[in-house]
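[1] Attaching a predicted model along with its sequence, questions to come.
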Amino acid sequence: MASKTDDAFDTLIRRYEQPICSYLLRLTGDPARAQDLAQETFLRAYQALCRGDHWENPRAWLYRVASHLATDDFRRRRLLRWLPLSSVDGARPAAEDIEDLTAEQMAVRSALLALSTKYRVPLVLYVCEGYSVAEVARILGLSLSAVKMRLSRAREKFRQFYHEEHR
């Protein structure tokens, strides 16, 4: 017989697994990394449910956890890239993915991945995931004005990177 925790976790998985995986794929550009980070996100959700934690907005909580995990992963990978003889390839898409993408999609992806996580995360939450500025602020634990500023700068930087890619 399933417990309340298992039922709550099954509900989270059914509702949010695909959106969280898509979000993480947009952030990382790597399907395998996105899947790993999504699994870690839901593992933390399960552990929290086992502790008796409950959230007013589970969707926002999951996106916050996923965002923090992605940011930590980017930091760790950036550090590893600087180590000599490192085989970590960074945020470049896998070769088989590149074959399936059009030039436009590649330019957009490249421009998005060129953004620092400070700007990429709020931009993806706002534009791709459809969160309002207020929701992005809650997810990231920032003020409304900070989110608005990051979105403005993210758009500007995205346009610069996109135009450089399209030259």
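    Arrived safely, thanks for sending.
[2] which stretches of the protein form helices?
    Secondary structure of the chain (DSSP state H): helices at 4-28, 31-50, 58-82, 95-100, 103-114, 117-123, 133-140, 144-165.
[3] Would you map out the domains in this structure?
    Using automatic domain parsing, the domain ranges for the chain come out as 1-88, 101-167.
[4] hmm, back to that, ranking the helices of the chain by burial, who's on top?
    Compared across the helices of the chain, helix 117-123 shows the largest average neighbour count, a mean of 21 (mean count of other C-beta atoms under 10 Å). Just so you know, the C-beta spots here come from the backbone N, C-alpha and C atoms, and that holds for glycine as well.
[5] Other residues contacting that helix?
    Defining contact as C-beta atoms under 8 Å, 6 or more residues apart in numbering, one finds that helix 117-123 is touched by 27, 67, 70-71, 74, 112-113, 115, 136, 140, 142, 147, 150-151, 153-155, 157-158.
[6] Please export the C-alpha coordinates of it as CSV.
    C-alpha atoms of helix 117-123 as CSV (Å, rounded to 0.1, in the frame of the first residue of the first chain):
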residue,chain,number,x,y,z
THR,A,117,23.9,31.6,-15.1
LYS,A,118,23.1,34.8,-13.3
TYR,A,119,21.3,36.0,-16.5
ARG,A,120,20.5,32.7,-18.1
VAL,A,121,18.4,31.3,-15.3
PRO,A,122,15.9,34.2,-14.9
LEU,A,123,15.7,34.6,-18.7
